[in-house]
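> Need a 3D model of the following:
(chains A and B)
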Amino acid sequence: MEARPARLRWAPPVNLQATNVTQQNTDAVSQPAPEDEGALVAARRAKLEQLRGAMGVEPYGRRVDALEPCAAARARFDEAAHAAFEAGQAARKADPSAPVTDSRARVRIAGRVMQHRDLGKLVFFWLRDTSGDLQVTVSKANVSEADFALAKMLDYGDIVVADGPIGRTNKGETCVWASSIELATKSLAPPPGKWHGLEDAEIRYRKRYVDMYSNPETVRAFEQRSRIVSLVRRFMEARGYLEVETPMMQPIAGGAAARPFVTKHNALDMELFLRIAPELYLKRLMVGGMRKVFEINRNFRNEGVDRSHNPEFTAMEAYEAFGDYMTMLEMVESLVRHVACAMAGCAEGGDGPVLPFGDLRIDYRKPFERVRYEDLFMRAFGFDMRDEAKVRAAGKEHHVEKAATLDHWLLVNELFEEKAEALIDPQRPTFVLDYPSAISPLTRPNRAHPEIAERWDLFIAGMEVGPAYTELNDPDIQLAKFTEQLAGADDEESTFRTLDHDFVESLRVGMPPAGGMGMGIDRLVMLMTNSESIRDVILFPLMRRQ
RNA sequence: GCCUCGGUAGCUCAGCUGGUAGAGCAGCUGACUCUUAAUCAGCGGGUCCAAGGUUCGAAUCCUUGCCGAGGCACCA
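As a prediction, this is how the structure comes out:
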């Protein structure tokens, strides 16, 4: 990849005369000013000055080559070399002319100081990097006077480089016996406690950088996330899907029914929406002739925030020309099991694992549950969902809002969500098949039963992980459904809902029959990493401004 | 938007029917060549989230607001 010229990278943004930019910057600078810093910070600043002055140490470091992760350094500990060195030391005690024997591996590690114990002429501290912790032992006899002075004055949170042989203490702790140490970065902030670490959920999300070094499982979860996304990509590529990127800023926010975020392009004087879904663009690619595509990217929905919703979230959508919703079902079931297998370390092609999620044990073994929407409705209510009178009565009985006037199928779905979804076993991944057409405007109706759409939703642990459709490719029906939908929009919805005529035009050009699916990647990661809050799988979740 | 719970030292928390603000760890000074949440001696450290009210007196009771957690609602 060619590097961009530095001039471009560092050039100030050009067209930023918009007032909201300045506004945002002012808001961001609500941190306490330096003069508000307490005694703990003052003590660290005093050390900083001492390092720079009397000790001649640069507290913000320099390039260091040939570093290895703490875990790798620890793994290079060799019992025989350690024993030989200890024996040699004993021999020299008896006879100082005995030769020095030291075949222990030399290592160089860097990390944050997590523990610090000063025993006078011997200093122990632990360094932490993302691979783990490793103790560094500094003996006054082994290092320069300057290095020893530095070792004694280190603070919890400082970033330090240590060089030396990997060995063991008398008490059996594997450690680096420092031959030299170097301060990489002085930390000025008071750290969280060394025992409890950082537990306050608010600070964990707001200051993720502290959470990450204080709670190693945080970094672990995000390493897992990265691995899962990579597995998903490789799975899709192996099946011949092409990864594409479609607009995140759209003049019409289509493809779903959520409330969008609004923004503006100044030069074109144009209102834009952050996308709520990529669907309508990916389908245009089908029209253009691409057979199998997928996109993994952010969607933005201007809705509430809770344990399974963040306003910006990562979704995958995939489309396969000449497929249908059952093509997608096979693909998604294989994909979810594939990822679950990788997480559990079980054999590929086997039945699949059982993974914990909170108090649940999710059973990813073959096959996932399949249940028809109308059968689930029948089980929940005891009558057919097409029975308008009974549905109307049940709506009133269950106090559905506007039960008397609401469209029959919308009422059916209200009832379904209230009572039927609860019948799904949260421990069994379940495909609910064949939703009513009336609530599926982008889905092709079943040819024999047009009130039913060829659509499924996958539920795991009570969460909706994603839907799939046999895509509607009849331009006339699509236009009719869009028009009907717009007619039902209230005043607020009308401000952001517009008919995407170009999309309808693309269907007139002709989209091959196709299957399509969507999947919430954050929710998939939650399930795979046993994280019950979406905030634990998003590095910087949206928080209210302080 | 609604309901419940919470916000006290850098961190984790205690603080009873209203009566001078506490602990452990962290910090500072000193001792210690094998520590493992090191130990020992000594010393500092608070806008009790904010504003208002009740009271002789409020961390504590009341009201409102801010921030968070959980739940509900919203989310085809």
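> Please, which helix or strand holds A:L51?
Secondary-structure assignment from DSSP states H and E places A:L51 in helix A:39-52.
> What's the first helix or strand after the longest strand seen in chain A?
For chain A, the strand that runs over the most residues, judged by DSSP state E, is strand A:106-118. Under the assignment DSSP H and E, the closest C-terminal helix or strand after strand A:106-118 is strand A:122-129.
> Check which helices and strands that following strand sits against.
Contacts defined by 3 or more Cβ pairs under 8 Å, 6 or more residues apart in numbering; DSSP states H and E place strand A:122-129 against helix A:70-75, strand A:106-118, strand A:132-139, helix A:145-153, strand A:159-168. Every C-beta, even on glycine, is put in place using the N, C-alpha and C of the backbone.
> For these, give me TSV that also has mean pLDDT, distance to A:Q485 and mean neighbour count.
As requested, those are exported to TSV (pLDDT from 0 to 100; distance: least, Cβ to Cβ, whole Å; neighbours: other Cβ atoms under 10 Å):
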stretch	mean pLDDT	distance to A:Q485	mean neighbour count
helix A:70-75	98	55	19
strand A:106-118	97	54	19
strand A:132-139	97	54	21
helix A:145-153	96	68	17
strand A:159-168	98	56	22
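> Next, format the ones you listed as a markdown table and append distance to A:L272.
Listed next are those as a markdown table, based on distance: least, Cβ to Cβ, whole Å:
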| stretch | distance to A:L272 |
| --- | --- |
| helix A:70-75 | 46 |
| strand A:106-118 | 42 |
| strand A:132-139 | 46 |
| helix A:145-153 | 54 |
| strand A:159-168 | 42 |
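> Pipe the ones you listed into CSV and attach distance to RNA strand B per row.
Below are the helices and strands packed on strand A:122-129 laid out as CSV (distance: least, Cβ to the nearest atom of the strand, whole Å):
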stretch, distance to RNA strand B
helix A:70-75, 13
strand A:106-118, 4
strand A:132-139, 4
helix A:145-153, 7
strand A:159-168, 8
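> Minimum distance to A:T495: which of the ones you listed has it?
Between A:T495 and these, the tightest spacing by Cβ to Cβ is seen for strand A:106-118, at 49.5 Å.
> so what strands line up beside the closest one?
In the sheet containing strand A:106-118, the strands it pairs with under DSSP bridges are strand A:122-129 (antiparallel), strand A:159-168 (antiparallel).
> Of all the ones you listed, which one is nearest A:P445?
Closest approach to A:P445 among the strands paired with strand A:106-118 is made by strand A:122-129 (56.5 Å; Cβ to Cβ).
> Which residue does the stretch 101-250 of chain A have closest to RNA strand B?
Of the stretch 101-250 of chain A, the residue with the smallest distance to RNA strand B, taken as Cβ to the nearest atom of the strand, is A:G120 at 2.3 Å.
> pLDDT score assigned to that residue?
The confidence metric pLDDT takes the value 94 at A:G120.
> A:R4 now?
A:R4 is assigned 29 on the pLDDT scale.
> Ok, the one 3 residues further on next?
Per-residue confidence (pLDDT) for A:R7: 25.
> buried ones in the helix ranked longest in chain A?
In chain A, with assignment by DSSP state H, the single longest helix is helix A:216-238. Within helix A:216-238, the residues scored as buried using 16 or more other Cβ atoms under 10 Å are A:216, A:218-219, A:221-222, A:224-225, A:227-229, A:231-232, A:235-236.
> what about that helix and RNA strand B, touching?
No. Using Cβ under 7 Å from any atom of the strand, we find that helix A:216-238 stays clear of RNA strand B, coming within 13.5 Å at best.
> What is the burial count for A:D155?
Close neighbours of A:D155, defined as other Cβ atoms under 10 Å, add up to 17.
> same question but for A:E68, I mixed them up
By the measure other Cβ under 10 Å, the count of residues near A:E68 is 16.
> Any idea which helix or strand in chain A has the lowest mean pLDDT?
Confidence across the helices and strands of chain A bottoms out at helix A:6-10, with a mean of 26, counting by mean pLDDT, DSSP states H and E.
> Residue of the stretch 151-300 of chain A nearest RNA strand B, please.
A:A257 (2.4 Å).
> what does the stretch 201-350 of chain A put close to RNA strand B?
Taking Cβ under 7 Å from any atom of the strand as the measure of proximity, the stretch 201-350 of chain A contacts RNA strand B at A:201-203, A:205, A:256-258, A:301, A:303-304, A:306-307, A:309.
> so of the residues you listed, which ones are in helices?
When DSSP H defines the helices, the subset of those inside them is A:201-203, A:205.
> what's near enough to touch A:T443?
Each residue near A:T443 by Cβ atoms under 8 Å, 6 or more residues apart in numbering is listed here: A:325, A:435, A:437, A:453-455, A:469-472.
> Next: A:A141.
If you count contacts by Cβ under 8 Å, 6+ apart, A:A141 has them with A:K121.
> Got phi/psi on the closest residue to A:P541 other than its chain neighbours?
Across the structure, with Cβ to Cβ, 6 or more residues apart in numbering as the measure, the residue nearest A:P541 apart from its sequence neighbours is A:R535 (4.1 Å). Geometry field for A:R535 lists phi and psi as phi -70, psi -20, criterion degrees, to the nearest 10.
> re earlier: phi, psi for the residue of the stretch 151-300 of chain A closest to RNA strand B please.
Main-chain dihedrals, A:A257, degrees, to the nearest 10: phi -110, psi 20.
> what's around it, how many residues?
Other residues within reach of A:A257, judged by other Cβ under 10 Å, total 15.
> repeat for the one 5 residues further on
Using other Cβ under 10 Å, A:V262 has 13 other residues around it.
> Kindly state the pLDDT recorded for it?
Confidence score, pLDDT, at A:V262: 90.
> mind listing what it touches?
The neighbourhood of A:V262, defined by Cβ under 8 Å, 6+ apart, consists of A:271-274, A:496.
> try 6 Å
Applying Cβ atoms under 6 Å, 6 or more residues apart in numbering to A:V262 gives the contacts A:F273.
> cool, and A:E493?
Per Cβ under 6 Å, 6+ apart, neighbours of A:E493: none.
> for A:Q427, same thing?
A:Q427 is in contact with A:360-363, counting by Cβ under 6 Å, 6+ apart.
> from those residues, which single one is nearest A:H265?
A:I362 (44.0 Å).
> Specify the local secondary structure of that closest one.
Assigned with DSSP: H, G, I helix; E, B strand; the rest coil, A:I362 falls in the strand class.
> who does it bridge with?
Under the criterion used (DSSP bridges), A:I362 bridges to A:L355.
> Could you double-check that it sits in contact with A:L355?
Yes. Under the criterion of Cβ atoms under 6 Å, A:I362 makes contact with A:L355 at 5.3 Å.
> helix, strand or coil for A:F431?
Of the three states, A:F431 takes strand according to three-state DSSP.
> That one reaches A:R370, doesn't it?
Yes. Here A:F431 reaches A:R370: they are 4.9 Å apart, a contact under Cβ under 6 Å.
> Can you verify my assumption that A:M114 contacts A:W126?
Yes. With contact defined as Cβ under 6 Å, A:M114 and A:W126 form a contacting pair (4.5 Å).
> Pull up the overlap in contacts between the two.
With contacts taken as Cβ under 6 Å, 6+ apart, not a single residue reaches both A:M114 and A:W126.
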